[in-house]
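A.B. asks: turn this into a model:
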Amino acid sequence: QVRLVESGGGLVQPGGSLRLTCAASGSTFSGYTMAWFRQSPGKEREFVAAIKWNGDRTWYTDSVKGRFTVSRDKTSNTVSLQMNGLKPEDTAVYYCATSRTVILSSLSRSSAYATWGQGTQVTVSS
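C.D. replies: Coordinates of the predicted model:
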């Protein structure tokens with residue numbers, strides 16, 4: 001059974017940095033797509049970034065391009081989201097998600113992902 005556990009959230013001042021980590025277990029993850037989503041109170045869950053477990057191709061939502069970097073470490077079975085230049089509007093619960101059957105046109109849709117972590121809170125405030 002695939003399981004995802006996020007860590008690394010917290011409180012940071014505007015302009016600061018945080019690194020979120022998603023520990024994945026229960027599969028070899030070959031062929032899987034790993035993604036980060038976020039959700040603020042009263043808003044829908046929003047796509048942030050994604051990476052293929054095999055290969056280096058990555059995708060980002062426009063609002064985080066140039067500030068966030070998604071990566072994966074096959075040795076430790078983790079996916080990370082390095083967040084720099086954080087803004088108050090980045091405040092949200094961040095979720096890690098994965099699925100083996102995500103097609104490119106559905107990459108940013110939460111419905112395309114079968115397994116989710118419990119989420120980690122990121123708060124950007126002075």
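A.B. asks: ok, residues contacting stretch 32-52?
C.D. replies: Identification of contacts with stretch 32-52 by C-beta atoms under 8 Å, 6 or more residues apart in numbering yields 20, 22, 24, 53, 57-61, 64, 68, 70-72, 79, 81, 90-100, 102, 107-110, 113, 119, 122. In this view, the C-beta of every residue, glycine as well, is placed from N, C-alpha and C.
A.B. asks: quick one: it to chain centroid distance?
C.D. replies: 6 Å (C-alpha atoms, centre = their mean, to the nearest Å).
A.B. asks: identify each buried residue in that stretch, please.
C.D. replies: Within stretch 32-52, the residues scored as buried using 16 or more other C-beta atoms under 10 Å are 32-38, 45, 47-52.
A.B. asks: could you do stretch 20-32 as well?
C.D. replies: For stretch 20-32, a neighbour-count test (16+ other C-beta under 10 Å) marks Leu20, Thr21, Cys22, Ala24, Ser27, Phe29, Tyr32 as buried.
A.B. asks: just stretch 82-96 next, same as before
C.D. replies: For stretch 82-96, burial by neighbour count (16+ other C-beta under 10 Å) applies to Met83, Leu86, Asp90, Thr91, Ala92, Val93, Tyr94, Tyr95, Cys96.
A.B. asks: can you pull the contacts of Gln13?
C.D. replies: Gln13 sits next to Val124, Ser125, Ser126 when contact means C-beta under 8 Å, 6+ apart.
A.B. asks: relative to Val48, how far out is it?
C.D. replies: Distance, Gln13 to Val48, by C-beta to C-beta, to the nearest Å: 20 Å.
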